[in-house]
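K.L.:
Output the structure for:
(one chain, ligands or ions: 3)
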Amino acid sequence: MSRHYSPVTLIGAPTDVGAGHRGARLGPEALRIAGLGEALMARGLQVLDRGNLEGPRNPWLDAVDGYRHITEVTEWNRLVMEAVYGELRDGRMPILLGGDHCLGLGSITGVARWCREAGKKLRVVWLDAHADFNTSEVTPSGNIHGMPVACLCGLGPEPLTHLSGVSPAVRPEDIRQIGIRSVDEGERRLLKQYGIDVYDMRYIDEVGMRAAVEEALDGLDEDTHLHVSFDVDFLDPSIAPGVGTTVLGGPTYREASLVMEMLCDTGRLGSLDIMELNPLIDDHNRTAILAVDLVESLFGKSTLLRD
Ligand SMILES: NC(=[NH2+])NCCC[C@H](N)C(=O)O
Ligand SMILES: [Mn+2]
Ligand SMILES: [Mn+2]
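P.N.:
Ligands and ions are numbered 1, 2, ... in the order given. From the prediction side, this is the model:
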């Protein structure tokens with residue numbers, strides 16, 4: 001199946017201010033070295049690499065009042081939101097190269113702002129081992145990469161929940177989470193309270209990846225903008241060791257490829273985040289190479305021969 005895409009733009013966000021490990025700041029370069037731009041061009045896409053955003057350094061301090069580095073996290077998210085929004089406004093598809101997953105907040109806030117202006121519906125597919133739905137009251141770490149989905153739903157500190165002025169930035173019913181297998185105690189209660197649609201690994205084991213993804217994509221139509229937020233720790237650590245917060249029991253390569261191919265088949269992909277890659281704990285960049293391979297599937301690479 002051939003598909004028309006708008007030109008894509010790579011936006012590097014080299015920071016780990018939201019994480020509990022340092023090294024995700026090197027993610028954008030590792031993805032470039034793994035050939036992300038070339039792979040997309042080989043799929044026939046027009047690719048513009050904007051280089052890296054420049055934001056505050058990581059001060060590497062302890063959490064204060066349940067948040068670590070909130071000032072720096074806010075500034076990075078503001079920069080990301082403006083960059084992502086700007087690309088969509090100019091008719092290009094933003095691909096955010098993280099950086100830690102706290103930046104999913106800025107990215108999706110920018111996407112949601114554009115969708116409101118363009119009169120589009122939004123569907124967020126969050127591929128992750130974690131739900132990232134903590135607040136300062138329930139977080140075990142204070143690391144804000146564990147909080148972006150809560151902030152998108154209006155739960156969190158005002159500077160993060162009101163990045164674009166509108167809160168909640170996203171309606172909880174527009175979010176689907178796939179691959180989840182590590183949820184903190186208080187976080188679980190909040191997920192239920194906000195009615196987040198979670199396709200956890202237990203459910204995927206029981207019904208299979210295909211049925212889970214079909215359900216998660218149900219109701220997409222030609223007016224829907226699909227945003228994919230890909231936390232690389234979604235993948236099983238045996239194939240993707242280069243992330244700060246590995247959790248056993250994730251999708252295999254085939255399962256992950258299937259998810260990407262099914263997301264591609266919707267024809268609705270409008271924006272993407274590739275997050276949490278940490279080359280300092282990787283093995284010869286294999287996790288970045290795998291991420292690039294899966295992004296190729298998201299843009300149409302497939303082993304399917306039967307009709
Ligand atoms: N984007 C991520 N890798 N998030 C990991 C979050 C881990 C844990 N739930 C926390 O809040 O600290
Ligand atoms: Mn995450
Ligand atoms: Mn994660």
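
K.L.:
give me the number of residues near the residue in the stretch 1-150 of the chain positioned nearest to ligand 1?
P.N.:
Proximity of the stretch 1-150 of the chain to ligand 1 (C-beta to the nearest ligand atom) peaks at Gly146, 2.2 Å away. Where C-beta positions appear, they are placed from N, C-alpha and C, glycine not excepted. For Gly146, the neighbour count with other C-beta atoms under 10 Å is 29.

K.L.:
Repeat that for Asp231.
P.N.:
Neighbours of Asp231 using other C-beta under 10 Å come to 26.

K.L.:
Identify the residues contacting it.
P.N.:
Counting by C-beta atoms under 8 Å, 6 or more residues apart in numbering, Asp231 makes contact with His101, Gly104, Trp126, Leu127, Asp128, Ala129, His130, Asp132, Val243, Met275, Glu276.

K.L.:
Apply 7 Å and report the result again.
P.N.:
The contact partners of Asp231, taken as C-beta atoms under 7 Å, 6 or more residues apart in numbering, are His101, Leu127, Asp128, Met275, Glu276.

K.L.:
where do the strands sit along the protein?
P.N.:
8-13, 47-52, 93-98, 121-127, 175-180, 197-200, 224-231, 269-275 (DSSP state E).

K.L.:
In JSON lines: those, plus distance to Asp62.
P.N.:
Putting the strands of the chain into JSON lines (distance: least, C-beta to C-beta, whole Å) gives the following:
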{"stretch": "strand 8-13", "distance to Asp62": "23"}
{"stretch": "strand 47-52", "distance to Asp62": "27"}
{"stretch": "strand 93-98", "distance to Asp62": "23"}
{"stretch": "strand 121-127", "distance to Asp62": "28"}
{"stretch": "strand 175-180", "distance to Asp62": "28"}
{"stretch": "strand 197-200", "distance to Asp62": "30"}
{"stretch": "strand 224-231", "distance to Asp62": "24"}
{"stretch": "strand 269-275", "distance to Asp62": "23"}
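
K.L.:
So which of those strands is nearest ligand 2?
P.N.:
Ligand 2 lies closest, by C-beta to the ion, to one member of these: strand 224-231, at 3.5 Å.

K.L.:
Briefly note if that closest one comes near ligand 3.
P.N.:
Yes: against ligand 3, strand 224-231 shows contacts by C-beta under 5 Å from the ion at Asp231.
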